[in-house]
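**Student:** Sequence and computational prediction follow.
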Amino acid sequence: MTTLDPTNRSSTSGTGAAILGNGTGDGPGPNVMAADTLTGNKLFTSDHEEIGKISAIMLDVPSGQIAYAVLASGGFLGMGGKLYAIPWSALILDTDEKCFRLDVTAEHVKNAPAFDKDHWPAMADEQWGSLLHRYYNRKPYWIATRAVTGNQPPAQ
């Protein structure tokens, strides 16, 4: 299993997932990839526990940025499992092992806010998003985007 070596991670603007490894493979990856090629990838924590698979990648439509990856964890045949939104910037794409890594423990993720497939949170709610980003010790993606583009949120 690949270890997290910060000297082998691509730098990002703080809003994207980091890339670990040397694999470039065939086609456009790893810097530009189709979202459906990343769904189904396993997610490993810093304590080397596989905690589930990426089930969806959530796009912030107005900014065009990836906001969250949704982790499916537990359950049997799609029933009873929990879903977790994870800030995209908290993820590390491991091109050598073809998986995602997260630099927190499995216990940290298990204690994160979770939801089920029939009761999703309002992911566009900045209060909800701010709490989630703080939980994973990440700057909210929309703050970094506004700093670069100068765009402000729509008036309420």
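**Tutor:** Okay, I see it. Everything quoted here is computed from the prediction, not taken from an experiment. Numbers count the residues shown, from 1 in each chain.
**Student:** any idea where the helices of the chain begin and end?
**Tutor:** Listed in chain order, the helices of the chain (DSSP state H) span 35-38, 106-110, 126-135, 141-149.
**Student:** Make TSV from those and add distance to Lys53 to it.
**Tutor:** C-beta: built from backbone N, CA, C; applies to glycine. Converted to TSV, the helices of the chain look like this (distance: least, CB to CB, whole Å):
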stretch	distance to Lys53
helix 35-38	10
helix 106-110	13
helix 126-135	19
helix 141-149	22
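**Student:** Between these, which one is closest to Ala69.
**Tutor:** Smallest distance to Ala69 across those (CB to CB): 7.9 Å, for helix 35-38.
**Student:** what does that closest one rub up against?
**Tutor:** Contact with helix 35-38 is made by 29, 54, 57, 59, 66, 69, 93, 100, as judged by CB atoms under 8 Å, 6 or more residues apart in numbering.
**Student:** quick one: which of these is nearest Tyr136?
**Tutor:** Ala69 (11.2 Å).
**Student:** Scan this structure for its longest strand.
**Tutor:** Criterion DSSP state E: the longest strand present in the chain is strand 50-60.
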